[in-house]
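**Student:** Here is my input, please return the structure:
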Amino acid sequence: MLQEGDRVLVALSGGKDSVCLLSLLCAHRKDFGISVAACHVHHGIRKSADRDEALCRKLCQENGVPYYLRRVNASDYARAHGLSLEHAARKLRYAALKEVAEKQNLSKIATAHTASDNTETVLLALIRGGGIKALSGIDPCRPDGVIRPLIRLTAGQTERFCKQNGVPFVRDETNRDLKIPRNFVRRAIVPRLKEQNPALDRTVLSMTATLNAQRRALEAAFLEYRRRLSIENADTGAPLSVLKPLAERRATHAFLYDLLSGFLSAAGCDEPLSGERFEAVRRLIGSGASDRRVEVGGGFSFFFDSAALFAGKDPALIPPEEARIVDRNALLERSVSVYFSGHEFCFSPSVSEKAENVYKFHTFCTLDRAKIFGNLCVRYALSDDRLCVGGRSRRVKDLLASRKYPPALRKAFPVIADEQGVLWVPGELCDDRVRSDGGEELTIRLISGGIYEILLQKRRQYE
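**Tutor:** Numbering: from 1, shown residues only. Just a heads-up that it's a prediction; the model follows:
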């Protein structure tokens, strides 16, 4: 939790727990090889808040600790964001602490949560509902550098420390208000439970430590699961056979939600996935439905085909691009780059590579220039387009579906054509009509774009 050289920022409220934490860290800073600073966040809620701030300032002066004060307006923030006052104060408090830590180059933020706070947090989770994360209580050592050095002590122990060592502290008068859920749990529920188990705090702490370890193991497994799905590239889709077990088990719904949210983010969607839309997607995953679409907002959707789930822009909302015309005569002496629908194509009169086997997913093709009819163009595939390779003619749309391209991409797939029809579909061999017989040749390369990334990934899978 603490390492030699750490620069620790104490969240100092003036209450018994936080002044106990400050005193202990100051007393042992040389032993631990750490430096200590403190920050008091003035929430502007209670009339006695100025008294609390004055005590915090005095304690820091007496201990030779750098002191930082931040003022926030929790009441206005709660009203503006529809939050409870307690929730708003907590959000603003952590934001202020992180701002000070970053500005002052402090490596850890130490809060004074105790085992008693941990018990209350778990009981509140039972009242409000939640999964394994909620029931895991207070994390003693968060990934963002927030630590809880007093988590194994109880509130009674911190108060006795302060009284025995003459350390002054303040009492928050709002702690007596039973309308505040945490106060109700602390004063009305915990005492009755301790009649059955006097060691309640220790028991709950042991339970949450076990749950936290299990949760971290599950999260690590989920990250590996996500890596295997290549979630970084939403264009490639996620196999429904892999997603279906997550959709069928309630215990893994939270992981599926995180997976789908990451999928949307990788596709460029900034809007959060709502619970309603998540449920719609989850049900379709579980049913094995195909050729379905679920809108999620911002012009993005999840698309289903027979074997995979894709995320991307709804093609109906993407303005169609005009075809890019390429003058065939301009290609006699120089290369020409053409940009279309987020993809770059390079047309070159020189030949440096020969076509490979069709299962290698071509990112280029070589044509016989003399067989091209009129000018070339880059455009979207049309419903009646066909490609003839090896004597077999197929509709381009059917070909793309068989290659398992995302449904959204199939509706806006760029192809190379002349005035008689399609000459090349990226990823395939060129049409028989323009196959090179050793005459003057033209090479067309796909340089970048979503299709290029898909082809490279598929090529790696076959190599």
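
**Student:** and residue 379, what pLDDT?
**Tutor:** On the pLDDT scale, residue 379 is placed at 91.

**Student:** Equivalent analysis for residue 363, please.
**Tutor:** Taking residue 363 on its own, its pLDDT is 84.

**Student:** what's the nearest residue to it if we skip its chain neighbours?
**Tutor:** The shortest distance from residue 363 to any non-neighbouring residue, by Cβ to Cβ, 6 or more residues apart in numbering, is to residue 446 (4.7 Å). Any C-beta I mention is one placed from the backbone N, CA and C, and that applies to glycine too.

**Student:** cool, residue 372 as well?
**Tutor:** residue 418 (5.1 Å).

**Student:** so what's that neighbour up against?
**Tutor:** 372, 373, 374, 375, 376, 377, 434 (Cβ atoms under 8 Å, 6 or more residues apart in numbering).

**Student:** Please apply the same query to residue 188.
**Tutor:** residue 178.

**Student:** Can you classify it by secondary structure?
**Tutor:** helix (DSSP: H, G, I helix; E, B strand; the rest coil).

**Student:** how about the strands in the stretch 151-300 of the chain?
**Tutor:** 238-239, 293-297, 300-304 (DSSP state E, counting those that start in this stretch).

**Student:** and the first one, which strands flank it?
**Tutor:** Under the criterion DSSP bridges, strand 238-239 sits next to strand 308-313 (antiparallel) in its sheet.

**Student:** just the CA coordinates of the partner strand, formatted as CSV?
**Tutor:** Extracted in CSV, the C-alpha atoms of strand 308-313 (Å, rounded to 0.1, in the frame of the first residue of the first chain):
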residue,chain,number,x,y,z
ALA,A,308,-21.1,-12.4,-35.1
LEU,A,309,-22.0,-9.1,-33.5
PHE,A,310,-20.7,-5.8,-35.0
ALA,A,311,-20.8,-2.2,-33.9
GLY,A,312,-20.7,0.8,-36.1
LYS,A,313,-22.4,3.7,-37.8
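
**Student:** Would you mind identifying the next helix or strand past it?
**Tutor:** Per DSSP states H and E, the first helix or strand lying C-terminal to strand 308-313 is strand 324-326.

**Student:** So residue 218 is in contact with residue 251, correct?
**Tutor:** No - judged on Cβ atoms under 8 Å, residue 218 makes no contact with residue 251 at a distance of 9.0 Å.

**Student:** Looking at those two now, which is surrounded by more residues?
**Tutor:** Set side by side, residue 218 and residue 251 show more neighbours around residue 218, with 17 against 10, by other Cβ atoms under 10 Å.

**Student:** any idea how far residue 39 is from the more buried one?
**Tutor:** Per Cβ to Cβ, to the nearest Å, residue 218 is found 34 Å from residue 39.

**Student:** Could you turn the buried ones of the contacts of residue 418 into a PyMOL selection?
**Tutor:** Restricted to buried positions by 16 or more other Cβ atoms under 10 Å, the PyMOL selection for these reads:
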select buried, resi 372+376+377+434
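
**Student:** Tally up the residues packed near the closest residue to residue 197 other than its chain neighbours, please.
**Tutor:** Spatial nearest neighbour of residue 197, chain neighbours left out: residue 203 (6.0 Å); criterion: Cβ to Cβ, 6+ apart. Neighbour count of residue 203, defined by other Cβ under 10 Å: 14.

**Student:** before we move on, what about residue 440?
**Tutor:** Neighbour count for residue 440, taken as other Cβ under 10 Å: 12.

**Student:** What distance do you get for the nearest residue to residue 286 once chain neighbours are set aside to residue 152?
**Tutor:** Sequence neighbours aside, residue 247 is the residue nearest to residue 286 in space, at 4.3 Å (criterion: Cβ to Cβ, 6+ apart). For residue 247, the distance to residue 152 equals 39 Å [Cβ to Cβ].

**Student:** Please identify which of these two sits among more neighbours.
**Tutor:** Just comparing residue 247 and residue 152: by other Cβ under 10 Å the higher neighbour count belongs to residue 247, 19 against 15.

**Student:** which residues does the more buried one contact?
**Tutor:** Residue 247 neighbours (Cβ under 8 Å, 6+ apart): 253, 256, 282, 283, 285, 286.

**Student:** Mind putting those residues into TSV with neighbour count?
**Tutor:** Shown next, in TSV, are the contacts of residue 247 (neighbours: other Cβ atoms under 10 Å):
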residue	neighbour count
253	16
256	21
282	20
283	12
285	23
286	15
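
**Student:** Can you tell me which of the residues you listed comes closest to residue 240?
**Tutor:** residue 285 (6.2 Å; Cβ to Cβ).

**Student:** quick one: low-confidence ranges for the stretch 251-400 of the chain?
**Tutor:** 288-291, 306, 314-321, 332, 350-361 (pLDDT under 70).

**Student:** What separation is there between the residue nearest the centre of the chain and residue 418?
**Tutor:** Note on the chain: the residue nearest the mean C-alpha position is residue 262, at 4.9 Å, using Cα atoms, centre = their mean. Distance, residue 262 to residue 418, using Cβ to Cβ: 42 Å.

**Student:** One more: residue 69?
**Tutor:** 73 Å.

**Student:** Repeat that for residue 362.
**Tutor:** 19 Å.

**Student:** cool, and residue 174?
**Tutor:** 78 Å.

**Student:** again, but for residue 44
**Tutor:** Taking Cβ to Cβ, one finds residue 44 at 72 Å from residue 418.

**Student:** can you check residue 450 too?
**Tutor:** 24 Å.

**Student:** Next: residue 403.
**Tutor:** Taking Cβ to Cβ, one finds residue 403 at 23 Å from residue 418.
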